[in-house]
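**Student:** Next one to model:
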Amino acid sequence: MAEEVKLIRTWSSPFALRIVWALKLKGIEFETVLEDLASKSPLLLQSNPVHKKVPVLVHNGKPVSESLVILEYIEETWKEKPLLPEDPYEKASSRFWAKFSDEKLLPSVWTVFISQGNKQEEALVPALENLQFIEEQLEGKKFFGGEKIGLLDLAIGWMADMVSVLEEVTGLKLIQEDKFPLLSAWIEIFADVPEIKESGAPREKLISKFQAIRDAYAATK
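**Tutor:** As a prediction, the model looks like this:
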């Protein structure tokens, strides 16, 4: 009996892209179900009644929610082409920094994006500090996972997909090559991997979306 693998996502969710990348890297066939969050479908509400958010992976009728949890589920279910190292310490480290990305790095970068003037300058301080922490994790490595893409690369992959868009919208260069040489190199290498390159959302569409979001925040100030 063939496995049923569905991914409920939106066209622009960076969290859902993590799952797209993981499934493609592992060679897992899946069906994409695009969701309109302005009019949430019965499938989404049934599959994720707690948060009512994407992404949701539905595997043989069983839903799994939250992108980092889904990545772990994929890793445990399809063990070929592992995303986590075998060493327990390295495995724990990958999980720590993946959580750091979601809880510290992404919120700090987002605050820079939605802020202007003095508030943006203030927001830059923690954002740059968090970026430096991530820069240090690439010391001596091609990817965060070493010589091949790992779970942490997928968790931080939103930077390769989104940061340049946010920089264009704000006119602010956040990741400067002289300050973050390792991170800058990683973004180029990661974005050029075929499974990553073929999965991104249309850039102009992303720019339009995030410009509208920034304008909306500015209008409330």
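**Student:** any idea of the mean pLDDT in the lengthiest helix in the chain?
**Tutor:** For the chain, the longest helix by residue count, based on DSSP state H, is helix 117-136. Helix 117-136 shows a mean pLDDT of 97 in the predicted model.
**Student:** repeat for stretch 51-59
**Tutor:** 98.
**Student:** what's it in contact with?
**Tutor:** When contacts are defined by Cβ atoms under 8 Å, 6 or more residues apart in numbering, stretch 51-59 is touched by residues 3-10, 13, 15-16, 18-19, 35, 37, 40, 44-45, 47-48, 63-67, 70, 73-74, 77. (C-beta placed from N, C-alpha, C; glycine too.)
**Student:** one step back: please spell out which residues along the longest helix of the chain are buried.
**Tutor:** Across helix 117-136, burial judged by 16 or more other Cβ atoms under 10 Å covers 120, 123-124, 126-128, 130-131, 134-135.
**Student:** May I see those arranged in CSV, with distance to residue 58 as well?
**Tutor:** Below are the buried residues of helix 117-136 laid out as CSV (distance: Cβ to Cβ, whole Å):
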residue, distance to residue 58
120, 40
123, 37
124, 40
126, 37
127, 35
128, 39
130, 33
131, 35
134, 32
135, 37
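**Student:** out of those residues, who's nearest residue 208?
**Tutor:** residue 120 (21.3 Å; Cβ to Cβ).
**Student:** Any buried residues in stretch 30-43, and which?
**Tutor:** Applying 16+ other Cβ under 10 Å to stretch 30-43 flags 30, 33, 35 as buried.
**Student:** ok, and the closest non-adjacent residue to the first one?
**Tutor:** Of all residues beyond its chain neighbours, the one nearest residue 30 is residue 5 (4.0 Å), with distances taken as Cβ to Cβ, 6 or more residues apart in numbering.
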